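Enquirer: Provided below are the primary sequence and the corresponding predicted coordinates.
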Amino acid sequence: MAAKHPDRLSQLEEYRYRFGRGEQERVIKILNSVASARFPDARSLMRFHETLLFLRAFPQSPAVVRKTENLLNKFWERVAELRHRGIDLSSWDTFEFSGVAGTSMEDTLSFDVARWLIRRMPGKVKIAWDNYEPGRELGATWPRFMPLLEDDAYVEADTPWRQWLEAAQGRKSAGPEWLLRRIEKFPLSDHDKAELYDSLRLPLRWDIGNARISRTRNWERKGKRFYHDVPLISRSQVSLAEELTKKPPTLIKLSHKMGERVMDRIREIMLVRYRELYGTTLGDPASVVRADVDRGTSVYLWNLPPDRRLPLRAYVAGFTVKNGVPINYIEAIGLCEWMEVGFNTFYTFRGGETGWIYAQVLRCLCHLMGTTGVSVYPYQLGHDNEEAIDSGAFWFYRKLGFRPGRPELLQLVEREERKIAANPKYRTSARTLRRLAAGHVFYELPGSEVGAWDRFSTRKVGLRVNAAMASKFGGDARRMRAQTARAVARSLGLDISQWSSAEKASLETFAVALALFPALSSWGREEKDALVRLIRAKTDRDEMRYLHLTQNHGRLRDALLKAGSSIELLSHGSSHTANQLSP
């Protein structure tokens, strides 16, 4: 920055958290001063960028919104000026700082996202050949589309893959469009097409330019805004217990067209941050709901389409916007009254009412899903996640009322709390935080069974099923599905001849899990009928109906908890497992 403004950027960073009488004028004055400055390096320009985004999301006044939007809309010119001066911008190519207008990105995308991006930015997406070292995967796949390639790929060590692609599509500078079109036309399911493309591990590169897709400009320009004239709500001011006992927020069902726009938005949001989540890539536009929860904050949530759902759990994904600016993404996976929640606030906005916004997200999720028990993944707390360790993420959840599910971790956190009470200056070490992040933390709403899901995981259910497959069916999954489905259908007294193919697949999925339970013949008629409705509901347009049905089937809940809470997995040779495979 110019020498006459050595401290203006630091002042702006400080004043973004100042609210009250006269603060908006000071912010505008500093913005005007910094706007005329010349930034000497990439780091200072990025600090300016992040501060502008924060002010756009948490503005003191309409004037602050107008000024930040003007600066952000032209920000690509500052990036171009730094590049023209030969300044290295590689430090921006990270999870925290990627996606700035005027930069380019490179990533290995899934089939669904690559197809969407190419349609979104036609002619601008290239194969990053300089960072690609293809091997057998191309020789195994490309002969489907390129005659006589086998004569080269199967026996030669120096196959010129790029030359083959350019020849096949009839032009130089071969891009990925031709390949995507060939795969799209293949007589395969969407799942199999994705598997075929993903096996190529094809790196793509695209220039963001000054597009709205950039992190710099990906905010809504219309809509009612909230202006802050008092300090932001701190985490210590948030009572999760009080928030979750308030009247549930209104969930507004969006039209299919609006839902498609939301799906485009979340793909943009995730793409420019080098993130891809199962539910943000494959969300169902017909299922999108929105909750406007006050203070300029809206939460968007949706489910997966029937053909992409998880076998047992129900899935919800979403994101939150603050004054039209995306500030986080959300994942919740539920079964019966329990759900696991992933909540990631983008780096730029972690000083902005995160505790209060998290509470509103949980209000929306609990209302939509009907769940009363919440758990948080160890990764969110810091397990294999040094960023969460550095930020002390464990204490964010603990101070909201979450408890560790493992007794030894609960004892450890209570010892830490006694140390903090005795010495307010005490800080938990990174080593201890890593230990605390080794297990899930839980929060139960009033009336729910405390500790019921502490030891449960669908992974345990899956591993037990696979151990049974090895023992009873010689590792043949197809045979296991078919035989257990027939056994379950007999036990339930089903005629599935009129069932759809999706409903039959759902029956096979449940059958392999039901094989672990006590004989279904001991279940009452009402319990069996409820189970049948539940199995068929897994394929309904609204997956929440399925989840709500699991919440009303006590016998199934107890059996799932038992199968997924065992400390020791059954061995491959367990005769007990084999006995359970004939319901």
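Expert: Happy to help now that I have it.
Enquirer: what about Glu220, which SS state?
Expert: Put simply, Glu220 is coil when judged by DSSP: H, G, I helix; E, B strand; the rest coil.
Enquirer: ok, and the closest non-adjacent residue to it?
Expert: Counting by Cβ to Cβ, 6 or more residues apart in numbering, the nearest residue to Glu220 once its immediate chain neighbours are dropped is Gly324, at 3.2 Å. Any C-beta I mention is one placed from the backbone N, CA and C, and that applies to glycine too.
Enquirer: thought the one you found was touching Trp219?
Expert: Yes: if you go by Cβ atoms under 8 Å, Gly324 and Trp219 touch, sitting 4.8 Å apart.
Enquirer: Mind jotting down where the strands sit in this protein?
Expert: 104-108, 125-127, 203-207, 252-253, 289-292, 297-302, 314-322, 325-335, 338-345, 373-376, 403-404, 441-444 (DSSP state E).
Enquirer: same question for the second one, mean pLDDT?
Expert: So that's strand 125-127. Strand 125-127 shows a mean pLDDT of 93.
Enquirer: Tell me which strands it pairs with, and in which orientation.
Expert: strand 203-207 (antiparallel) (DSSP bridges).
Enquirer: Just the CA coordinates for the partner strand, please, in CSV.
Expert: Output in CSV follows, covering the C-alpha atoms of strand 203-207 (Å, rounded to 0.1, in the frame of the first residue of the first chain):
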residue,chain,number,x,y,z
PRO,A,203,-7.5,-32.2,-14.1
LEU,A,204,-9.4,-29.2,-15.4
ARG,A,205,-8.4,-25.6,-15.5
TRP,A,206,-10.6,-22.5,-16.0
ASP,A,207,-10.2,-18.8,-15.8
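Enquirer: That strand: how far from the chain's middle?
Expert: What separates the centre of strand 203-207 from the centre of its chain is 22 Å, taken as Cα atoms, centre = their mean, to the nearest Å.
Enquirer: can you count the residues close to Arg261?
Expert: 12 (other Cβ atoms under 10 Å).
Enquirer: I should have written Ser255 there, sorry.
Expert: 11.
Enquirer: Pro407 too?
Expert: 11.
Enquirer: how far away is it from Ser566?
Expert: 17 Å (Cβ to Cβ, to the nearest Å).
Enquirer: Next: Gly170.
Expert: In terms of Cβ to Cβ, Gly170 sits 59 Å off from Ser566.
Enquirer: neighbour-wise, which of those two wins?
Expert: Set side by side, Gly170 and Ser566 show more neighbours around Ser566, with 16 against 8, by other Cβ under 10 Å.
Enquirer: Next, work out how far apart that one and Arg490 are.
Expert: 27 Å.
Enquirer: Glu408 too?
Expert: Separation of Glu408 from Arg490 (Cβ to Cβ) stands at 45 Å.
Enquirer: Please apply the same query to Thr509.
Expert: In terms of Cβ to Cβ, Thr509 sits 17 Å off from Arg490.
Enquirer: Same question for Arg350.
Expert: Counting by Cβ to Cβ, the gap from Arg350 to Arg490 is 55 Å.
Enquirer: swap in Glu50?
Expert: Distance, Glu50 to Arg490, using Cβ to Cβ: 62 Å.
Enquirer: Comparing the two, which residue is more hemmed in?
Expert: Glu50 (19 against 13).
Enquirer: so what's the closest residue to the more buried one other than its chain neighbours up against?
Expert: Of all residues not flanking Glu50 in the chain, Thr348 sits nearest, at 4.8 Å (Cβ to Cβ, 6+ apart). Listed by Cβ atoms under 8 Å, 6 or more residues apart in numbering, the contact set of Thr348 reads Glu50, Leu53, Phe54, Ile327.
Enquirer: I appreciate the help and will end here.
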